[in-house]
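Participant: Fold the following, please.
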Amino acid sequence: MLILAGLLVVGQAAAPPPNRPAPTRPGISWAEADSLERKLESFERRPRNAVAGTVNVTEGELNSYLNLSLAGKLPGGLQNPEFHFDKDRIAVTADVDFDQVRRTLPPTSAMNPLSYLGGRLGLTLKGHMETRQEGFGSFEFEQARLGPVSLPTELLAQSVASFTKTPQNPQGFDILAPFRLPYSLKHVRLQTGHAVLEF
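Facilitator: Purely as a prediction, here's the structure:
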């Protein structure tokens, strides 16, 4: 039965629905993107007094959703994001088109050293994620690289804050501070290949 189910999933992923482009790289599929979209919709409909439970989100679902369902909606200049999960650890790679990033930056970002970069460079982030306090997560960076160059954590934090400033959030996003988990989640546990979301 498991083999039959796997073949059905592969068959569905092989032919994208009408009016949807075929995935441009291996490891992503519309079937997995749609699976995560259904889970996100169920999170939004979940009543606050619902019983506790867990939901698994796989690497394939997250990467498919980001690269297919959200294609064209990611922050300007960010392309081909890919997440990998291991026990309590997360690794993210992406391509950053700095020419496009610069066109979307607010004037106050001129003091950001990364705002003077041009062309496309690969970004790699690795670190340890945990949720010690219920409802909040934190991320401890172990490695940050832009192309072949290592980035100091402070420079990365300054750059992200500069790039994410909005009228609603004039300070930008602080990647070094604890953050509230979405959808009223209590904890997120990272395992090899998937994340366990606890309500």
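Participant: use CA for all of it now, contacts and neighbours both
Facilitator: Noted.
Participant: Could you list the low-confidence segments of the chain?
Facilitator: 1-18, 104-116 (pLDDT under 70).
Participant: So in it, which helix runs the longest?
Facilitator: Ranked by number of residues, the top helix in the chain under DSSP state H is helix 30-45.
Participant: Measure how the helix or strand that that one is followed by sits relative to helix 30-45, angle-wise.
Facilitator: Next along the chain after helix 30-45, taking DSSP states H and E as the criterion, comes strand 54-58. With axes from the mean of the first three to the mean of the last three CA atoms, to 10 degrees applied, the angle from strand 54-58 to helix 30-45 works out at 150 degrees.
Participant: sorry, back to before: which neighbouring elements make contact with the longest helix of the chain?
Facilitator: helix 2-14, helix 59-64 (3 or more CA pairs under 8 Å, 6 or more residues apart in numbering; DSSP states H and E).
Participant: And the contacts of the shortest one?
Facilitator: Contacts with helix 59-64, where a contact means CA atoms under 8 Å, 6 or more residues apart in numbering, come from 27-30, 32-33, 35-36, 81-85, 193-195.
Participant: next helix or strand past that helix?
Facilitator: strand 78-86.
Participant: List the neighbouring strands of that next one plus their orientation.
Facilitator: Strand pairing for strand 78-86, determined by DSSP bridges: strand 89-97 (antiparallel).
Participant: what sits against T131?
Facilitator: By CA under 8 Å, 6+ apart, T131 lies in contact with G137, S138, H187, V188, R189.
Participant: and what of I175?
Facilitator: F139, A157, V160, A161 are the contacts of I175 under CA under 8 Å, 6+ apart.
Participant: can I get these in a markdown table with neighbour count, secondary structure and distance to F98?
Facilitator: Below are the contacts of I175 laid out as a markdown table (neighbours: other CA atoms under 10 Å; DSSP: H, G, I helix; E, B strand; the rest coil; distance: CA to CA, whole Å):
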| residue | neighbour count | secondary structure | distance to F98 |
| --- | --- | --- | --- |
| F139 | 19 | strand | 25 |
| A157 | 18 | helix | 17 |
| V160 | 17 | helix | 13 |
| A161 | 20 | helix | 16 |
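Participant: Return the member of the residues you listed nearest to P170.
Facilitator: Lowest distance from P170 to the contacts of I175 (CA to CA) belongs to A161, with 9.1 Å.
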